[in-house]
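Engineer: have a look; sequence and predicted model below, questions after that.
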2 protein chains.
Amino acid sequence: MDNRPIGLFDSGVGGLTVLKQIQEILPRESVIYLGDTQHLPYGDKSKEAIIRFSIENTKFLLRQNVKAILVACNSASSVAVEVLKETFKVPIIGVIEPTIKCISRKKTSSVLVIGTMRTVRSGVYQKKLQELNLGIEIFGKDCPLLVPLVEEGAFLNKGSLLYNALISTLEYYLGEYRGRVSHIVLGCTHYPAIENEIRFVMDGVELVDPGECAALELKEILEKNNMLSEEKNRFEKFFVTDLSEKTVEVAKIILQKEINIEEIYLPES
Amino acid sequence: MDNRPIGLFDSGVGGLTVLKQIQEILPRESVIYLGDTQHLPYGDKSKEAIIRFSIENTKFLLRQNVKAILVACNSASSVAVEVLKETFKVPIIGVIEPTIKCISRKKTSSVLVIGTMRTVRSGVYQKKLQELNLGIEIFGKDCPLLVPLVEEGAFLNKGSLLYNALISTLEYYLGEYRGRVSHIVLGCTHYPAIENEIRFVMDGVELVDPGECAALELKEILEKNNMLSEEKNRFEKFFVTDLSEKTVEVAKIILQKEINIEEIYLPES
């Protein structure tokens, strides 16, 4: 038994979709959430910068006495998790490996990975899927407009001009894959917020949520190491490196409720 | 006469639209461009962070021996230019004051300011327009989706799905102001790239480009101080604080040609 909280970090507040999965899959766990909003979006940054930021985020969470760390951010999972594992002692998991494991257990004929430019072009999901040798077709498509559309709440009012822009944009990005893929990996923490719209455009395709896969993996690890919490009064704390009006609004749009967010200063390196 | 270059900085490569105006209005001036891509977009950051970044950007440009600095970024112009003027000795101009001057010389009945959340909600354009006492109606509207739409090149293929998403989004943001405003201030460096589409949605409205206003103001200041360049072999140099694939692509979309960009490291404070 270990009642210490789980540490969760993302480049912004998109990772709150991963928090939702933890709440559902690990309902007794407390969580310290850190959004590195001063540097968001990581998807636009270089590999070196993302590693530097990720190390600082991890150090901060460890100072909060977390027992394990989940890297919600796909960009950071893709380029920084190995370095973090080598550098720090607590269990650290990203969203990539657990997602590959999830997919390997499904009946899959063809997979489309969608995400930011960094995630998709790094090919990290695609390469690891290929290594499985499942004989499946693998595609990748970067969709940079989906994050800002989620952050504007484009999914909130069906039939509105912005909702139409969202559908048109999804059609632009995904239309060519209709009928060609059985699964879509939601390779960005924002995307679970528009899973209904993605399903609408890509009728009959099964969605894979890396946040869900990672929360399931974390549960396994905590169980195996006898580190599950038995706390009945679990808590959540939210920190960001830059607290702007927009951060507060986006958090509210994603969680559909208001939360208390604290700003902290992290050194650059 | 002063043949030293002009320094120009923005949070990213959007300020290249301002470079275009300088090239046109001040064709003999060399330019050092700095995009603080490690921290983009400034529009999402707090006032304190933007001031900190702006000071570092200015120090870097001064180390490149610039004779004057144009702050292309609206967020930085809105919160940091006064601090920069107090801290440094070279002429420093933002885009806000020159734009107000431009508008005061026009026949204006009503103005809509569009930009990022930071620029519009700070009310900086609106307040300064009100101080002119021109008896005009002033509106502000933040349009966070326009930057990513420009960066995806949504304006490049008329009639495409993404072009339709752009028009739908412009209609969402601007439709309610149709027939109610005579002028629109393009309060974000990316927006001149979609001026045709904004004109299409807002037929008959005159657009005010702060980059153009600032370049005209800079010309006046250089003339008055006898600091104009007489260089025939003008040069341009491009620096960014984080050189990602995306930075290169967006620069190409905005300039419609490829440029050589160098990455530099700037300390945080």
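Structural biologist: Yep, it's here.
Engineer: any residues of the stretch 101-250 of chain A in contact with chain B? List them.
Structural biologist: Remark: the part of the stretch 101-250 of chain A in contact with chain B comprises A:117-118, A:121, A:144-145, A:147-149, A:151-152, A:160-162, A:164-166, A:168-169, A:171-172, A:175, A:242-247, using CB under 8 Å from any CB of the partner chain. All C-beta spots, glycine's among them, are computed from the backbone N, C-alpha and C.
Engineer: drop anything exposed from these.
Structural biologist: The neighbour-count test (16 or more other CB atoms under 10 Å in any protein chain shown) marks A:117-118, A:144-145, A:147-149, A:151-152, A:161-162, A:164-166, A:168-169, A:171-172, A:242-244, A:246-247 as buried among those.
Engineer: with adjacent residues omitted, what lies nearest to whatever residue of the stretch 1-150 of chain A ends up closest to chain B?
Structural biologist: Closest to chain B within the stretch 1-150 of chain A is A:P148: 4.6 Å, counting by CB to the nearest CB. Using CB to CB, 6 or more residues apart in numbering or on different chains and skipping the chain neighbours, the partner closest in space to A:P148 is B:P148 (4.6 Å).
Engineer: contacts for the host helix or strand of the one you found?
Structural biologist: Mapping B:P148 onto the secondary structure by DSSP states H and E places it in helix B:146-151. With CB atoms under 8 Å, 6 or more residues apart in numbering or on different chains as the contact definition, helix B:146-151 has outside contacts at A:144-145, A:147-148, B:14, B:41, B:43, B:114, B:116, B:155, B:162, B:165-166, B:169-170, B:173, B:188, B:190-191, B:193-194, B:246, B:249-250, B:253-254.
Engineer: could you do stretch A:152-164 as well?
Structural biologist: When contacts are defined by CB under 8 Å, 6+ apart, stretch A:152-164 is touched by residues A:149, A:165-166, A:193-194, A:196-197, A:253, B:144-145, B:168-169, B:171-172, B:175.
Engineer: please apply the same query to stretch A:42-56.
Structural biologist: Residues outside stretch A:42-56 that contact it (CB under 8 Å, 6+ apart) are A:9, A:11, A:36, A:39, A:71, A:73-76, A:79-81, A:83-84, A:87, A:115-119, A:144, A:147, A:188, A:266-269, B:37-38, B:40, B:242-244, B:246-247, B:263.
Engineer: measure the nearest residue to A:K107 once chain neighbours are set aside to chain B for me?
Structural biologist: Excluding the flanking residues, the one nearest A:K107 by CB to CB, 6+ apart is A:S182, at 7.9 Å. The gap separating A:S182 from chain B is 24 Å, by CB to the nearest CB, to the nearest Å.
Engineer: count of residues packed around A:S182?
Structural biologist: The local packing of A:S182 (other CB atoms under 10 Å in any protein chain shown) involves 16 other residues.
Engineer: so for it, what's the pLDDT?
Structural biologist: At A:S182, the model reports a pLDDT of 96.
Engineer: so which elements touch the lowest-mean-pLDDT helix or strand in chain A?
Structural biologist: Considering only helices and strands, the least confidently modelled element of chain A by mean pLDDT, DSSP states H and E is helix A:117-122, at a mean of 85. Helices and strands touching helix A:117-122, by 3 or more CB pairs under 8 Å, 6 or more residues apart in numbering or on different chains; DSSP states H and E, are helix A:74-79, strand A:110-115, strand A:137-142, helix B:245-255.
Engineer: circling back to that earlier point, what about burial for the contacts of stretch A:42-56, which qualify?
Structural biologist: Among the contacts of stretch A:42-56, the ones that count as buried (16+ other CB under 10 Å) are A:9, A:11, A:36, A:39, A:71, A:73-76, A:79-81, A:83-84, A:115-119, A:144, A:147, A:188, A:266, B:37-38, B:40, B:242-244, B:246-247.
Engineer: quick one, strands of the stretch 1-150 of chain A?
Structural biologist: Along the stretch 1-150 of chain A, the segments classed as strands by DSSP state E, counting those that start in this stretch run A:6-10, A:31-35, A:68-71, A:92-93, A:110-115, A:137-142.
Engineer: packing partners of the third one?
Structural biologist: Packing partners of strand A:68-71 (3+ CB pairs under 8 Å, 6+ apart): strand A:6-10, helix A:47-63, helix A:81-87, strand A:92-93, helix A:210-224.
Engineer: give me the element the spatially most central residue of chain A is part of.
Structural biologist: For chain A, the residue nearest the mean C-alpha position is A:T189 (3.3 Å; CA atoms, centre = their mean). Counting by DSSP H and E, no helix or strand carries A:T189.
Engineer: how close does it sit to B:E197?
Structural biologist: As for A:T189, its distance to B:E197 is 30 Å (criterion: CB to CB, to the nearest Å).
Engineer: likewise for A:L162?
Structural biologist: Separation of A:L162 from B:E197 (CB to CB) stands at 16 Å.
Engineer: residues touching stretch A:225-238, excluding its own?
Structural biologist: Contacts of stretch A:225-238 (CB under 8 Å, 6+ apart): A:1-5, A:19, A:26-33, A:35, A:64, A:67-68, A:91, A:219, A:221-222, A:251, A:259-262.
Engineer: run the chain-centre distance for it.
Structural biologist: Per CA atoms, centre = their mean, to the nearest Å, the displacement of stretch A:225-238 from the mean C-alpha position of its chain is 20 Å.
Engineer: what mean pLDDT does that stretch get?
Structural biologist: The average pLDDT within stretch A:225-238 is 95.
Engineer: remind me which residues of chain A are low pLDDT?
Structural biologist: Applying pLDDT under 70 to the predicted model, the residue ranges of chain A that meet it are A:268-269.
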